[in-house]
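Trainee: My questions are about this predicted structure, shown below with the sequence.
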Amino acid sequence: MKNTHHDIPSAVVDALQSAQRVVIFTGAGVSAESGIATFRDALTGLWSRFDAQALATPEAFRAHPDVVWGWYEWRRAQALRAAPNAAHLAIAALARHVPELLVVTQNVDDLHERAGSHDVAHLHGSLHAPRCSACGTPQVFPDALPQEPDEGRRIDPPACTACGAPVRPGVVWFGESLPTETWITALRAAERCDVLFSIGTSALVYPAAELPQRALAAGATVVQVNPVVTPLDRYAHCNLHGAAAEVMPRLVAAVSEHL
Ligand code: OAD
């Protein structure tokens, strides 16, 4: 039932209808239609304007805390300004049609939660969970930023409320490991699920990109949603080549019609 465009193959609907456990694995592409930049899309991706390796590392934060903190505050402001799109809403609606559904996201925004998804595992952390770079104490910030940081503005990180060391973004940087509990939860879910959707990810960054492979190895049906071909295309049972905000509502409509 390989590649199709916007019509949803009946085999995908059937697989979802008989599924007990579903995993929705998402990347930056699911937030693209909310106006949040992806990483690798040429021209619009974050990396076309920044050298992410120069920013998303512990070394960069130690050397230039104001540049790194300013970049993430700009990204946090983007996320706060954004609204969940039809893909996030459809994923939240799909959870009402299957017994168990876990969202495993590489994204650091909270659009899945704001769309109504309850079970969300953040493999790469969250823009909304800053913590102390020294003692690890979680820090709570007002959602409304004091001012709209513009891209590239330097902002000194605040001091930890417990020990005074600089506060860091609660995201996973290059060279850092994924949160252990979250990774184990995601791995177990991928190995036990009946269907895994890979939505809006270039499937290039490991270990996260391992999840669809683990699901395939365990006999799950793997469906990909992405406008372009990715390394996962050749392994997925079905590749729905379209934008998530177009494909996902059609998928949920097809599933709910048949229930
Ligand atoms: P990428 O920017 O690498 O890939 C985004 C994917 O979304 C691409 O394959 C696009 O084709 C696709 N896409 C774009 N618009 C879309 C739409 N409307 N609907 C569906 N798909 C769309 O982002 P990720 O794969 O999420 O990690 O990147 C993975 C990780 O790399 C990120 O979590 C980040 C980065 O390093 C860390 O920061 C640790």
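Mentor: Looks like it came in fine. Numbers count the residues shown, from 1 in each chain.
Trainee: Please count neighbours and contacts with C-alpha atoms only from this point.
Mentor: Will do.
Trainee: Only the buried residues of stretch 167-183, if you could.
Mentor: Going by neighbour count (16 or more other CA atoms under 10 Å), the buried part of stretch 167-183 is Val167, Arg168, Pro169, Gly170, Val171, Val172, Trp173, Leu178, Thr182, Trp183.
Trainee: and the fifth one, bridged to which residues?
Mentor: When bridges are called by DSSP bridges, Val171 pairs up with Gly125.
Trainee: Could you list which residues are in contact with it?
Mentor: Val171 is in contact with Val108, His124, Gly125, Ser126, Leu127, Ala129, Pro130, counting by CA atoms under 8 Å, 6 or more residues apart in numbering.
Trainee: Please report how far it lies from the ligand.
Mentor: Relative to the ligand, Val171 is positioned 7 Å away (CA to the nearest ligand atom, to the nearest Å).
Trainee: ok, now the first one?
Mentor: As defined by CA to the nearest ligand atom, Val167 lies at a distance of 18 Å from the ligand.
Trainee: Assess the claim that that residue and Val140 are in contact.
Mentor: No: if you go by CA atoms under 8 Å, Val167 and Val140 don't touch, sitting 10.6 Å apart.
Trainee: still on that earlier bit, buried subset of the contacts of Val171 as a PyMOL selection?
Mentor: Only the buried entries of the contacts of Val171 go into this PyMOL selection, using 16+ other CA under 10 Å:
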select buried, resi 108+124+125+126+127+130
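Trainee: Now narrow the contacts of Val171 to whatever sits close to the ligand.
Mentor: Counting by CA under 6 Å from any ligand atom, His124 from the contacts of Val171 sit close to the ligand.
Trainee: okay if I get the contacts of Val171 as JSON lines plus distance to Thr57?
Mentor: Shown next, in JSON lines, are the contacts of Val171 (distance: CA to CA, whole Å):
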{"residue": "Val108", "distance to Thr57": "15"}
{"residue": "His124", "distance to Thr57": "13"}
{"residue": "Gly125", "distance to Thr57": "14"}
{"residue": "Ser126", "distance to Thr57": "15"}
{"residue": "Leu127", "distance to Thr57": "15"}
{"residue": "Ala129", "distance to Thr57": "17"}
{"residue": "Pro130", "distance to Thr57": "15"}
